[in-house]
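S.K.: What follows is a predicted protein model with its sequence.
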Amino acid sequence: MFESRVEQLRKLADRYLATRQGENVTLDEMAEWIDSKKLYEVTRKQRLGLLKLELSGALTTAVHQDPQGGTVRTYGCVQIIATNGDQKAKGYLWNELAKATWEFAITHFHRLERGVIGSKQKLDYEVQSHNLNHRPKGKKPIKLLWDFEAEAEAEAS
């Protein structure tokens, strides 16, 4: 059966973590161990994938100051789905938000909004699962408060 690169990397991470017996580790330590054992080889396709990932990170984190003095994203992206017969391929189009069309900006911000909602739902489930399956006896459950206005006020002061 075919094993994806992500599955391969997870197995390598599991192998390394097994050697550390529950100890917290850094990605630097994990990468050094995997590299020292020559367990990670990268093809051209994978190098391009890594480059795209790094480019995405660079563009996603790029910010500038708007005329009102706030910090805003410089670049945005929208998802595209290309079809070729029966095959569909997902991709992203990138642009400077200040130069993008209004429709591009709307699609970009709605994509970000959906991501926040999905992340909140996933995080709520993960906390609930952790509380049910891993909470030590006598410890209070982890609670997350979703009061964004209070967070914004605290950050502003």
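M.R.: Alright, I've got the coordinates.
S.K.: Tell me where the protein has helices.
M.R.: 5-20, 27-36, 44-61, 102-134, 148-156 (DSSP state H).
S.K.: What helices and strands are in contact with the third one?
M.R.: By that I understand helix 44-61. Packed against helix 44-61 by the contact rule (3 or more CB pairs under 8 Å, 6 or more residues apart in numbering; DSSP states H and E) you find strand 75-84. No exception for glycine: its C-beta is placed from N, CA and C like everyone else's.
S.K.: How about the longest one?
M.R.: Identification of packing neighbours for helix 102-134 by 3+ CB pairs under 8 Å, 6+ apart yields strand 75-84.
S.K.: Can I get the strand it packs on as CSV, trimmed to CA atoms?
M.R.: C-alpha atoms of strand 75-84 as CSV (Å, rounded to 0.1, in the frame of the first residue of the first chain):
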residue,chain,number,x,y,z
TYR,A,75,-0.8,39.3,0.5
GLY,A,76,-3.8,37.2,0.2
CYS,A,77,-4.8,34.0,-1.6
VAL,A,78,-7.9,32.4,-2.9
GLN,A,79,-8.4,28.7,-3.6
ILE,A,80,-8.9,27.5,-7.2
ILE,A,81,-10.0,24.1,-8.4
ALA,A,82,-8.8,23.2,-11.9
THR,A,83,-10.5,20.3,-13.7
ASN,A,84,-9.0,18.2,-16.4
